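**Q** Quick one: sequence plus predicted model below, questions after.
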Amino acid sequence: MRKLAWNLFKLLVFAFIIYGIYTYFVPETEVHTVDLDAKEEVLHHTTAELTELVVTESRNNRELIVYEEDFSASQEISKTVFNWDIFRKSQTVTSYGTALYTVDLSAVTAESITYEEASNVLTIQVPHSCLKTVTVDVEKTEFSDVSRKIFGWGDLTLTPEQQNVIQQDLQANLEELAGRPDALARADQSAVTALTQLYQNALNPVDSSIVIHVAFAE
C-alpha cells in the first residue's frame, strides 16, 4: 500500500514538473476578435476618400490639354483668261498649324470611379479626348514658285476676298486632318499617360501603392 502511494506521489510530482516546463516555454496565446462592421466602415471611408480626391482633381483641371500635334495642308490657286488653259498660272500655298486636344474632366463623377481593394486598383472612366483648336502659324506659310502655261504671263494676284477664302479653306483642311480617327487615337493614347500621372500625383500622399487605371467611358 505504501509503495502504491509512493508511486502516485512520484507521478504527481512528474506531472507538476511537466506542467511547469510547458507554461514556462510555451507563451500564452492571445485571442483577438475582428470587428467586421468596423473594418467595413474603414474600407468605405477609404474608398470615399479616394473618390473625393479624384473628383476634386478633375474639377481643378476641367479642360485638360493632353496632346498637341503639328499638321500641314496645301492648296493650289490659279488664274486664267477666258478659262483657257494656255493662259493659266498657278501657285501652291502650304499652311502649317498646331492642333490642341483636351479631355473634359468635368464629366468625371463619383460614379466614374471604382476601387478594387484586393488588387489596389483604382479605375477612372473619362471622356475621349477631342479636338479643341487648330492654330495656324501664319509666319510658316509657304508659297511655291508660280507655274505658268505658255501665255500665263504676269503676277498671280488675289483680291482680299479671294485671300480670305483660301485662308478659310486651308483652316478647314487642317481641322479635317486633325480630326481624323488616327489623330484622335494618338490623342487618346497621350491622354491615358497624362491622366494617369495627374491622378497618381494627387493620390500619392494618401497611398503611393495605388495602381491608377484610366479607361474611356463609352
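**A** Yep, it's here. Numbers count the residues shown, from 1 in each chain.

**Q** Could you count how many residues lie near the nearest residue to residue 154 once chain neighbours are set aside?
**A** In space, residue 154 comes closest to residue 89 once its chain neighbours are excluded; the distance is 7.4 Å by CB to CB, 6 or more residues apart in numbering. Placement of C-beta: from N, CA and C, glycine included. Residue neighbour count, defined by other CB atoms under 10 Å, stands at 19 for residue 89.

**Q** and residue 89, what are its bridge partners?
**A** Taking DSSP bridges, one finds residue 79, residue 148 as the beta-bridge partners of residue 89.

**Q** does it really touch residue 157, like I thought?
**A** No: in terms of CB atoms under 8 Å, residue 89 does not count as a neighbour of residue 157; the distance is 10.2 Å.

**Q** Report the contact partners of the residue nearest the centre of the chain.
**A** Residue closest to the mean C-alpha point of the chain, counted by CA atoms, centre = their mean, is residue 192 at 2.6 Å. Counting by CB atoms under 8 Å, 6 or more residues apart in numbering, residue 192 touches residue 214.

**Q** Quick check: the gap between it and residue 125.
**A** From residue 192 across to residue 125, the span is 12 Å (CB to CB, to the nearest Å).

**Q** cool, and residue 99?
**A** Here the criterion is CB to CB. By it, residue 99 lies 25 Å from residue 125.

**Q** Might one say that residue 99 is in contact with residue 137?
**A** No: using CB under 8 Å, residue 99 is not in contact with residue 137, being 11.8 Å away.

**Q** Of those two, which one has the most company?
**A** Just comparing residue 99 and residue 137: by other CB under 10 Å the higher neighbour count belongs to residue 99, 21 against 11.

**Q** And for the more buried one, nearest residue in space, chain neighbours not counted?
**A** residue 178 (3.7 Å).

**Q** At which residues are the strands of this structure located?
**A** The residue ranges that make up the strands of the chain, judged by DSSP state E, are 63-81, 84-104, 113-116, 121-126, 130-136, 142-143, 147-148, 211-216.

**Q** the inter-axis angle of the longest one versus strand 211-216?
**A** Same thing as strand 84-104. Taking axes from the mean of the first three to the mean of the last three CA atoms, to 10 degrees, one finds strand 84-104 and strand 211-216 inclined to each other by 140 degrees.

**Q** again, but for the fifth one
**A** Between the axis of strand 130-136 and that of strand 211-216 there is an angle of 80 degrees, by the same axes, to 10 degrees.

**Q** Who are the packing partners of strand 130-136?
**A** Contact here means 3 or more CB pairs under 8 Å, 6 or more residues apart in numbering; DSSP states H and E; on that basis strand 130-136 packs against strand 63-81, strand 84-104, helix 160-178, helix 181-203.

**Q** how about it as PDB, C-alpha atoms only?
**A** Written as PDB, here are the backbone C-alpha positions of strand 130-136 (Å, rounded to 0.1, in the frame of the first residue of the first chain):
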ATOM      1  CA  CYS A 130     -11.500  65.900 -78.500                       C
ATOM      2  CA  LEU A 131     -10.000  68.400 -80.900                       C
ATOM      3  CA  LYS A 132     -10.100  71.800 -79.200                       C
ATOM      4  CA  THR A 133      -8.400  74.200 -81.600                       C
ATOM      5  CA  VAL A 134      -6.100  74.400 -84.600                       C
ATOM      6  CA  THR A 135      -3.900  77.500 -84.600                       C
ATOM      7  CA  VAL A 136      -2.300  78.500 -87.900                       C
END
